[in-house]
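> Whatever this is, show me its structure:
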Amino acid sequence: MALPVAFFGLFFAYPVAAILARGLRSGDGWHFGRLFDVLGQSDIRHVLWFTTWQALASTALTLLIALPAAYVFARFSFPGKQVLRAVVTVPFVLPTVVVGTAFLALVGRGGLLDELWGVRLDTTVWAILLAHVFFNYAVVVRTVGGLWAQLDPRQEEAARMLGASPLRAWRQVTLPALAPAVAAAALMVFLFTFTSFGVVQILGGPTFSTLEVEIYRQTSEIFDLSTAAVLTIVQFLAVGAILAVHAWTVRRRESALRLVDAAGTARRPRGAGQWALLAGVLGTVALLLVLPLGVLVQRSLDAPDFAYYRALAGNEGNVFLVPPIEAVGNSLEYALAATVIAVTVGGLAAAALTRRDAGRLVRGFDALLMLPLGVSAVTVGFGFLIALDEPPLDLRATWILVPLAQALVGVPFVVRTMLPVLRAVDERLREAAAVLGASPWRVWREVDLPMVRRALLVAAGFAFAVSLGEFGATVFIARPDNPTLPVAVARLLGRAGELNYGQAMALSTILMLVCAVALLVLERLRTDRTGEF
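Have a look, this model is predicted:
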């Protein structure tokens, strides 16, 4: 636990505490009355209200659209199912900047809808809601569908034999069993939409602002650190409550059900109704998930002779100190370094949490590991600039600052991927190796590692994909001569001109393809189909 605790203490707790102290403390002490002053402002209350209701609306819409797909993946067997599973998951690993850019190409000015029917949605909340469904669709499909596939279908069949209608059998037998998974998926979708930044930043414009966007605005544009600190505290408390409820639902799902092998519960669709449901899900995936990405690629190819891609090698708009194409190499280097850090820290944390004699403090640290997913990445990034500027932690001028920020987001994925596999290793195997004279290191190398090798590769892949697309913290700390891909896309979109827009589409396409390739590799490595990321 020593390295994970030190890592989170130095690079998460310390920067967040530094920016909170900068905002709420002055020469004569702490000023917690600022909390009530900020929350009493009408514009801040409007931001809080919009953040909450759009997260609720996004969650409800995602469940409504994705639950039929969860059933299809759980109960139906059809050609191309594994490929479709990967396609469905691609949006989840895409950076939110790319998601926003894809929907901007679809529903924005000059987008596909604008060209065909003169309809623009980029100035409405519908663009944000649809982009959130696009991003979180896979969360519901994998979390709920993974459990649904492991429920014994004979229970529902027995209810039908006793005279229950299909709807009543589903409502009284299947739905109660699925409730913990549905609740867990809903809470995760709510968490991701409550802390949404890149999507709202690109599609919301000046009209719509979530807590995360407002923290960014107060920090970087107005430089009102006290208001940003108050909003960070509010977000921190909300995220803590969401994660606590989510942990409770996961425990219920793990302990309350008797599950069967998912491979034996899927079958080919029967009857017109089931084929129509499958066709509807395929149509939804095509329109909601594939079409925005297709339009993104098409917009990047609008100019003849790949002009937008060739322009990336120059710097005609003087947006950066270096050609935008260098952002690709920068992102790959940063992501690889972040992956090494995340796998090292997350692997050690998962190994410590696996021990059955772990105390309450260690088990509590498991929940704390999830906080970087919900706490404002903007706050973390700005906290890096404020806190890590004095020896021996004067890191602002070093390249390692960006991978450290990216690794913070990757560690929770590593822990969540490796922990179930490590817990499944029979403790008696370790004890037998120790009795035969193996050292603890040799026990790990020859007993644990062969069993968790694939999980380790999957964890590394997720950490790489997530690090590659990290934007909220990186936008503060990436140097102008070393931009990452998400930062380069955002800056190009923020500049007027067709060339800048085309280059943003080209960079987004490159980033999308890299993430998609990483995900397809992960799908081939996965050994479990339980639906957890």
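> residue ranges of the strands in the stretch 401-533 of the chain, please?
Counting by DSSP state E, counting those that start in this stretch, the stretch 401-533 of the chain has no strands to list.
> Okay, strands next: where are they in this protein?
Assigned by DSSP state E, the chain shows strands spanning 25-26, 29-30.
> Let me see the residues that make contact with the last one.
Strand 29-30 has contacts (C-beta atoms under 8 Å, 6 or more residues apart in numbering) with residue 24. Placement of C-beta: from N, CA and C, glycine included.
> Just checking: what are the partner strands of that strand?
If you go by DSSP bridges, strand 29-30 pairs up with strand 25-26 (antiparallel).
> rewinding a little: export the strands of the chain to TSV and tack on mean pLDDT and distance to residue 166?
Formatted as TSV, those follow (pLDDT from 0 to 100; distance: least, C-beta to C-beta, whole Å):
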stretch	mean pLDDT	distance to residue 166
strand 25-26	71	62
strand 29-30	71	60
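> possible to save those strands as a markdown table with mean neighbour count?
Output for the strands of the chain, formatted as a markdown table (neighbours: other C-beta atoms under 10 Å):
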| stretch | mean neighbour count |
| --- | --- |
| strand 25-26 | 13 |
| strand 29-30 | 9 |
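> Is it possible to get CSV of the ones you listed that adds distance to residue 419?
CSV is the format used below for the strands of the chain (distance: least, C-beta to C-beta, whole Å):
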stretch, distance to residue 419
strand 25-26, 37
strand 29-30, 38
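> From what I see, residue 139 and residue 191 are in contact.
No: contact criterion C-beta atoms under 8 Å: residue 139 and residue 191 do not qualify, at 9.8 Å.
> Next one: the residue lying closest to residue 72 once chain neighbours are set aside from residue 287, what distance?
The shortest distance from residue 72 to any non-neighbouring residue, by C-beta to C-beta, 6 or more residues apart in numbering, is to residue 281 (4.7 Å). Look at residue 281 and residue 287: by C-beta to C-beta, to the nearest Å, they are 11 Å apart.
> Give me the more crowded residue out of these two.
Neighbours of residue 281 and residue 287, each counted by other C-beta atoms under 10 Å, are more numerous for residue 281; the result is 22 against 10.
> My guess is that one contacts residue 66. True?
No: in this structure residue 281 lies outside contact range of residue 66 using C-beta under 8 Å: 9.4 Å.
> Please list all residues in contact with the closest residue in space to residue 16 that isn't next to it in sequence.
Nearest residue to residue 16, sequence neighbours excluded (C-beta to C-beta, 6+ apart): residue 383, at 5.4 Å. Residues in contact with residue 383 (C-beta under 8 Å, 6+ apart) are 14, 15, 16, 17, 18, 19.
> let's see 7 Å
15, 16, 18, 19 (C-beta atoms under 7 Å, 6 or more residues apart in numbering).
> Check residue 430 too.
443, 447.
> Tell me the pLDDT of it.
At residue 430, the model reports a pLDDT of 81.
> Run a quick neighbour tally on residue 283.
What residue 283 shows, counting by other C-beta under 10 Å, is a neighbour count of 10.
> Correction: the previous question concerned residue 517.
Residue 517: 11 surrounding residues under other C-beta under 10 Å.
> Tell me how far it lies from residue 93.
For residue 517, the distance to residue 93 equals 11 Å [C-beta to C-beta].
> now residue 73
Separation of residue 73 from residue 93 (C-beta to C-beta): 18 Å.
> So for the two, which residue has more residues nearby?
Set residue 73 next to residue 93 and count neighbours by other C-beta under 10 Å: residue 73 wins out with 26 against 23.
> tell me the pLDDT at the spatially closest residue to the more buried one that is not a sequence neighbour?
Using C-beta to C-beta, 6+ apart and skipping residues adjacent in sequence, the residue nearest residue 73 is residue 145, 4.3 Å away. Predicted confidence (pLDDT) at residue 145: the value is 82.
> how much space between residue 145 and residue 178?
On the measure of C-beta to C-beta, residue 145 and residue 178 end up 10 Å apart.
> cool, and residue 375?
To residue 178, residue 375 is 30 Å away according to C-beta to C-beta.
> which helix is the longest one in the protein?
helix 42-75 (DSSP state H).
> tell me the mean pLDDT over stretch 392-400?
pLDDT averaged over stretch 392-400 gives 79.
> May I see the buried residues of it?
residue 395 (16 or more other C-beta atoms under 10 Å).
> what's the first-to-last distance across it?
One end of stretch 392-400 sits 14 Å from the other (C-alpha to C-alpha, to the nearest Å).
> For the closest residue to residue 198 other than its chain neighbours, list the residues it contacts.
Using C-beta to C-beta, 6+ apart and skipping residues adjacent in sequence, the residue nearest residue 198 is residue 96, 3.0 Å away. Residue 96 makes contacts with 135, 197, 198, 199, 471, as judged by C-beta under 7 Å, 6+ apart.
> Quick one: neighbours of the closest residue to the last one other than its chain neighbours, just the number.
Excluding the flanking residues, the one nearest residue 471 by C-beta to C-beta, 6+ apart is residue 486, at 4.1 Å. Counted with other C-beta under 10 Å, the neighbours of residue 486 add up to 27.
> I'd like the distance between residue 486 and residue 133.
In terms of C-beta to C-beta, residue 486 sits 21 Å off from residue 133.
> low-confidence ranges in the stretch 301-450 of the chain?
315-321, 355-364, 367, 374 (pLDDT under 70).
> Show me where it has its helices.
307-311, 326-354, 360-368, 377-387, 401-424, 427-435, 440-443, 449-469 (DSSP state H, counting those that start in this stretch).
> so which of those helices comes closest to residue 57?
helix 377-387 (22.8 Å; C-beta to C-beta).
> For residue 472, list the residues it contacts.
Residue 472 touches 197, 212, 377, 378, 381, counting by C-beta under 7 Å, 6+ apart.
> Grab the nearest non-local neighbour of it.
Leaving aside its chain neighbours, residue 472 sits nearest to residue 377 (2.7 Å; criterion: C-beta to C-beta, 6+ apart).
> Check residue 455 too.
residue 421 (4.1 Å).
> Ok, residue 76 next?
Closest residue to residue 76 apart from its sequence neighbours, by C-beta to C-beta, 6+ apart: residue 269 at 5.3 Å.
> just residue 422 next, same as before
residue 354 is the one closest to residue 422 (C-beta to C-beta, 6+ apart), at 4.3 Å.
> cool, residue 122 as well?
residue 108 (4.0 Å).
> okay, now the one you found: neighbour count?
21.
> Residue 352 now?
Applying other C-beta under 10 Å, we find 18 residues neighbouring residue 352.
> residues contacting residue 8?
residue 368.
> measure it to residue 332 for me?
Distance from residue 8 to residue 332, by C-beta to C-beta: 26 Å.
> likewise residue 207?
Computed as C-beta to C-beta, the residue 207 to residue 332 distance reads 36 Å.
> of these two, who's got more company?
residue 332 (15 against 9).
> Got the phi and psi for the residue nearest to residue 122?
phi -90, psi -170 (degrees, to the nearest 10).
> Could you check how far it is from residue 157?
For residue 108, the distance to residue 157 - C-beta to C-beta - is 49 Å.
> from what I can see residue 155 touches residue 175, true?
No: under the criterion of C-beta atoms under 7 Å, residue 155 makes no contact with residue 175, lying 11.9 Å away.
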